[in-house]
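Asker: Starting from these lines, generate the structure:
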Amino acid sequence: MSTTIRKVKTSDLELKDRVVSIQRVTKVTKGGRTFSFSAIVVVGNEDGIVGYGLGKANEVTTAIAKGIEDAKKNLVRVPIHKGTIPHEQAAKYGGARVFMKPASHGTGVVAGGAMRAVLESVGVTDVLAKSKGSSNPHNLVKATFEALMELRDAHTVSELRGIPLEKVFNG
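Answerer: Here you go, the predicted model:
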């Protein structure tokens, strides 16, 4: 199954950013160690549009700012149905595996760390999510994005199958 990436224009969007993780990284040179900071940031409008970015700089604030700029260049649209995802979805990136399942209204976002930041940024209010394997925040964010980009709403399914919307549910 091919994944269609739905790019979004950044103009006139009110995006909120969430810092997922900040790491101090070291470069060993002949003169000693040079420290810098790497940040992974998720931005979203909490209404179906989300993106992530990586930033690296000598200062934390600069690294975060670079991450936000990178995230704005990688925005995608995700289908949300009544505050939850349309169907179950699993994905993998590197050693990180994620599984997401729709939840009834009032459940909340049952997810850990990096997955929670992505799901809240996209605007999901009720979901059951599990991360398995690696807890590396970079791979978790990327695996969560893989899963979100594979989601399809009922309108997309009816168009792909060439059947009316009612038949998607009654099959």
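Asker: From here on, just use CA atoms for contacts and neighbour counts.
Answerer: Will do.
Asker: Show me the strands in the protein, by range?
Answerer: Counting by DSSP state E, one finds strands in the chain at the ranges 16-29, 32-44, 49-57, 76-77, 89-93, 96-102, 109-110, 127-133.
Asker: Just the residues contacting the first one, thanks.
Answerer: With contact meaning Cα atoms under 8 Å, 6 or more residues apart in numbering, strand 16-29 is reached by 33-46, 60, 64, 68, 113-114, 117, 121, 137.
Asker: could you redo the last one with a cut-off of 6 Å?
Answerer: 33-44, 114 (Cα atoms under 6 Å, 6 or more residues apart in numbering).
Asker: what distance separates it from the centre of its chain?
Answerer: Taking Cα atoms, centre = their mean, to the nearest Å, one finds strand 16-29 lying 18 Å from the centre of the chain it belongs to.
Asker: Run the angle between that strand and strand 32-44 for me.
Answerer: Angle of strand 16-29 versus strand 32-44, following axes from the mean of the first three to the mean of the last three Cα atoms, to 10 degrees, is 160 degrees.
Asker: tell me which residues in strand 16-29 are buried?
Answerer: 17, 18, 19, 20, 21, 22 (16 or more other Cα atoms under 10 Å).
Asker: Give me the nearest residue to residue 78, chain neighbours excluded.
Answerer: Spatial nearest neighbour of residue 78, excluding adjacent residues (Cα to Cα, 6 or more residues apart in numbering): residue 48 at 4.9 Å.
Asker: Counting neighbours, what do you get for that neighbour?
Answerer: When counting by other Cα atoms under 10 Å, one arrives at 18 neighbours for residue 48.
Asker: do the same with the one 4 residues further on
Answerer: A count of neighbours around residue 52, defined by other Cα under 10 Å, yields 28.
Asker: pretty sure it is in contact with residue 71, am I right?
Answerer: Yes: using Cα atoms under 6 Å, residue 52 makes contact with residue 71 at a distance of 4.3 Å.
Asker: one step back: looking at the contacts of strand 16-29, which has the smallest pLDDT value?
Answerer: pLDDT across these is lowest for residue 114, at 89.
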